[in-house]
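Visitor: let me see the structure of the following:
(chains A and B)
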Amino acid sequence: MDFISILSIFVLACFVGYYVVWSVTPALHTPLMAVTNAISSVIIVGALIAAAAAEVPGAKWLGLAGVVLASVNIFGGFAVTERMLAMYKKKERN
Amino acid sequence: MTLPPDAVSDLSIAADAAQAVNPWVALAYLASGVLFILALRGLSNPATSRRGNRFGMAGMLIAVVTTLITHDIAGLPEILAAIAIGGAIGFVIARRIAMTAMPQLVAAFHSLVGLAAVLVAAAALLNPGAFGILGLDGNILVVSRVEMALGAAIGAITFSGSVIAFAKLNGNMSGAPILLPARHAINLGTLVAILGMTAAYALAPNAGPGEGWLFWAIVAAAFVIGFLLIIPIGGADMPVVVSMLNSYSGWAAAAMGFTLHNTAMIVTGALVGSSGAILSYIMCRAMNRSFISVIAGGFGADAAAAGGEPKEQRPYKQGSAADAAFMLEQAEKVIIIPGYGMAVAQAQHALREMADMLKEKGVEVKYAIHPVAGRMPGHMNVLLAEANVPYDEVFELEDINSEFATADVAFVIGANDVVNPAAKTDKSSPIYGMPVFDVDKAKQVFFIKRSMGGVGYAGVDNDVFYMDQTMMLLADAKKMVEEIVKALD
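Guide: Below is the predicted model:
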């Protein structure tokens, strides 16, 4: 992919993000922050690439450290979001 | 701005390097990006939200597995161990954390994303070959240098800023703004230095580890500015800060996505970046403050000073739990306005018990939540959900404000500024223009407050205290609500 294609994806994704986020109900803004935090840890992809390559030990260790940090976020972020969302219940109608 | 000729040729070299990628891999990352969009889309309604979260998990799994199976991995056990260690820590924290502590948890998580971005950018500097960012001359491509430097800088700002936000929210550090002299000049200077060094790094003849000092200088300056940007911001503005750092963590991920030509990272970065930016905007609008004035900091510093002066005593009515219980029973419609004080006192469970008893007696009970109630967007909603309050009894400011005219009781618990009529009438008030609940239109106002001394975060007196129809219930919120529950029995 050339730079312009990547930039196009980015700009269009910003617009998607704009409309999707405005449609999120304010009651779920805290779970929204928790889940965006979890998905932004997709940066683990970069950390995995660094950790997978053995030729430069320094880069490998930085990568492994990045994998640990991003994993805390991924597991923690999704789990805490799940925990919060499970609490939202509708009125019981008798 | 015109790009130097070698930068332009770098663009096409980058294209060649990336085109070697298997199209199925690109499609897998695209699928993961789409799943992340669906994850946020699911949050439009509590009923679909859990499915959305599962989409997010699936997207992450696809991204991680795709990366692992398409790279030659020297030490898989090490990587799996790293995932297991991080995952276990994250999972345990997520299980144990109290819902009241959610703002500081989110701040702590943001700091990790920021630091991870710095580590990834540093790893790319040390081993550019693995990231496919080497040009034909054996140097890191100019575009990639800019992306790495910006990614690392935004990541470093996110990290140090989030650490300060965490310390303020968690009470390790005072919530009061810390104002350095000439802080605007210092911040601006540091920012210009970061941009200047990024340009110098991009145009350096040799950007490999040899010229890495520029990269590290950028990271160091960014760490410093993240710290400097957040210390002058007071506790009341933390919802905006947490949202803003959320946005930054997204932009950092997007910058690294540019370096790696990875669709999943770019899409996610854009989503998270917009999400945080929109939440910051919503918070600012709910306080009638401009984003710039929040970032400039210092809000609440003057008010704290003014709060120390002796004020003229105005007469107010004080009531007991029994009085409140008697009148609540007689009411037809009660609107409860919770604020951060409810969270501090952990009164949400007792409050729900009170609401249940009133409902049994045929009283209509609704909850009204201001966008800036609590320490992060939606914080009150989570706390009420935790106490088993059904979400269809909880309303946003604009949806319920017209109903106060028909309410018998407005029950204010741990909130203050969000019900202050000065926001509508007093042009000199620091909260003038902020949308507030029209509690003064309700027949009765019950105001639970620890004492008459303390004022809200904005540090302004509230005329609601002294209205004829207001009864002050001066006690700890939880104790007072428990006593009302007893009296209702």
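Visitor: residue B:27 and residue B:33, how far apart?
Guide: Summarising the geometry, the distance separating residue B:27 from residue B:33, computed by Cβ to Cβ, to the nearest Å, is 10 Å. C-beta coordinates here come from the backbone N, C-alpha and C atoms, glycine included.
Visitor: show me where pLDDT drops low in chain B?
Guide: In the prediction, chain B carries residues with pLDDT under 70 at positions B:1-21, B:206-211, B:297-312, B:453-459.
Visitor: wait, what's in contact with the residue of it positioned farthest from its centre?
Guide: Distance to the chain centre peaks in chain B at residue B:137, reaching 43.8 Å (criterion: Cα atoms, centre = their mean). By Cβ atoms under 8 Å, 6 or more residues apart in numbering or on different chains, the contact set of residue B:137 is empty.
Visitor: also residue B:82?
Guide: Applying Cβ under 8 Å, 6+ apart, the residues contacting residue B:82 are A:51, A:64, A:65, A:67, A:68, A:71.
Visitor: the longest helix that chain B contains: how far from the chain's middle?
Guide: For chain B, the longest helix by residue count, based on DSSP state H, is helix B:142-170. Put simply, helix B:142-170 sits 15 Å off its chain's centre (Cα atoms, centre = their mean, to the nearest Å).
Visitor: residues near residue A:28, how many?
Guide: Close neighbours of residue A:28, defined as other Cβ atoms under 10 Å in any protein chain shown, add up to 29.
Visitor: I figured it hits residue B:381, correct?
Guide: Yes. Residue A:28 sits in contact with residue B:381 when judged by Cβ atoms under 8 Å, with a separation of 7.3 Å.
Visitor: if we can go back for a sec, most neighbours among the contacts of residue B:82, which one is it?
Guide: Sorting the contacts of residue B:82 by how many neighbours each has (other Cβ under 10 Å) puts residue A:51 first, at 32 neighbours.
Visitor: which SSE is it in?
Guide: helix A:44-52 (DSSP states H and E).
Visitor: quick check: mean pLDDT of the helix or strand just after that helix?
Guide: Note on helix A:44-52: by DSSP H and E, the next helix or strand toward the C-terminus is helix A:57-85. The pLDDT scores in helix A:57-85 average 95.
Visitor: who are the packing partners of helix A:57-85?
Guide: For helix A:57-85, the contact count by 3 or more Cβ pairs under 8 Å, 6 or more residues apart in numbering or on different chains; DSSP states H and E identifies helix A:29-40, helix A:44-52, helix B:46-69, helix B:76-96, helix B:102-126 as packing neighbours.
Visitor: Serialize these to a markdown table and add fields for distance to residue B:447.
Guide: Supplementary listing: those in a markdown table, determined by distance: least, Cβ to Cβ, whole Å:
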| stretch | distance to residue B:447 |
| --- | --- |
| helix A:29-40 | 26 |
| helix A:44-52 | 48 |
| helix B:46-69 | 30 |
| helix B:76-96 | 34 |
| helix B:102-126 | 25 |
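Visitor: please identify the most buried of these.
Guide: Highest mean neighbour count of those: helix A:29-40, a mean of 31 (counted as mean count of other Cβ atoms under 10 Å in any protein chain shown).
Visitor: are that one and chain B in contact anywhere?
Guide: Yes. Using Cβ under 8 Å from any Cβ of the partner chain, helix A:29-40 reaches chain B at A:29, A:30, A:31, A:32, A:33, A:34, A:35, A:36, A:37, A:38, A:39, A:40.
Visitor: would you check that the third one makes contact with residue B:379?
Guide: Read that as residue A:31. No. Counting by Cβ under 8 Å, residue A:31 does not reach residue B:379; the two are 10.9 Å apart.
Visitor: so residue B:473 lies in a strand, does it not?
Guide: Yes. Assigned with DSSP: H, G, I helix; E, B strand; the rest coil, residue B:473 falls within a strand.
Visitor: hang on, isn't it packed against residue B:449?
Guide: Yes. Because the distance of 7.3 Å satisfies Cβ under 8 Å, residue B:473 is recorded as touching residue B:449.
Visitor: OK, contacts around residue B:328?
Guide: Residues in contact with residue B:328 (Cβ under 8 Å, 6+ apart) are B:334, B:354, B:358, B:363, B:409, B:411, B:446, B:484, B:488.
Visitor: any idea how far it lies from residue B:167?
Guide: Distance from residue B:328 to residue B:167, by Cβ to Cβ: 40 Å.
Visitor: contacts only, for residue B:392.
Guide: Under the contact definition (Cβ under 8 Å, 6+ apart), the residues listed for residue B:392 are A:90, A:91.
Visitor: try it again with 10 Å
Guide: Counting by Cβ atoms under 10 Å, 6 or more residues apart in numbering or on different chains, residue B:392 makes contact with A:27, A:88, A:89, A:90, A:91, B:46, B:366.
Visitor: what's the answer for residue A:7, then?
Guide: For residue A:7, the contacting residues are A:1, B:258, B:266, taking Cβ under 10 Å, 6+ apart as the criterion.
Visitor: please enumerate the helices of the stretch 151-300 of chain B.
Guide: Applying DSSP state H, counting those that start in this stretch to the stretch 151-300 of chain B gives helices spanning B:183-203, B:212-230, B:238-260, B:263-287, B:291-296.
Visitor: and chain A, is the third one touching that?
Guide: Read that as helix B:238-260. Yes. With Cβ under 10 Å from any Cβ of the partner chain as the threshold, helix B:238-260 lies in contact with chain A, specifically through B:239, B:242-243, B:245-260.
Visitor: correct me if wrong: residue B:401 contacts residue B:436.
Guide: Yes. Using Cβ atoms under 10 Å, residue B:401 is in contact with residue B:436, at 8.6 Å.
Visitor: those two: which is more packed in?
Guide: Set side by side, residue B:401 and residue B:436 give different neighbour counts by other Cβ under 10 Å, the larger being at residue B:436 (23 against 19).
Visitor: could you check how far the closest residue to that one other than its chain neighbours is from residue B:434?
Guide: Leaving out its chain neighbours, the residue that sits closest to residue B:436 by Cβ to Cβ, 6 or more residues apart in numbering or on different chains is residue B:423, at 4.5 Å. Between residue B:423 and residue B:434 the distance is 4 Å, computed by Cβ to Cβ.
Visitor: who's in contact with the residue sitting nearest the centre point of chain A?
Guide: A centroid search over chain A (Cα atoms, centre = their mean) returns residue A:39, at 1.1 Å, as the residue closest to the centre. Residues in contact with residue A:39, defined by Cβ under 10 Å, 6+ apart, are A:73-74, A:77-78, A:81, B:32-33, B:35-37, B:39-40, B:55-57, B:59-60, B:63, B:250, B:253, B:264, B:267-269, B:271-272, B:275.
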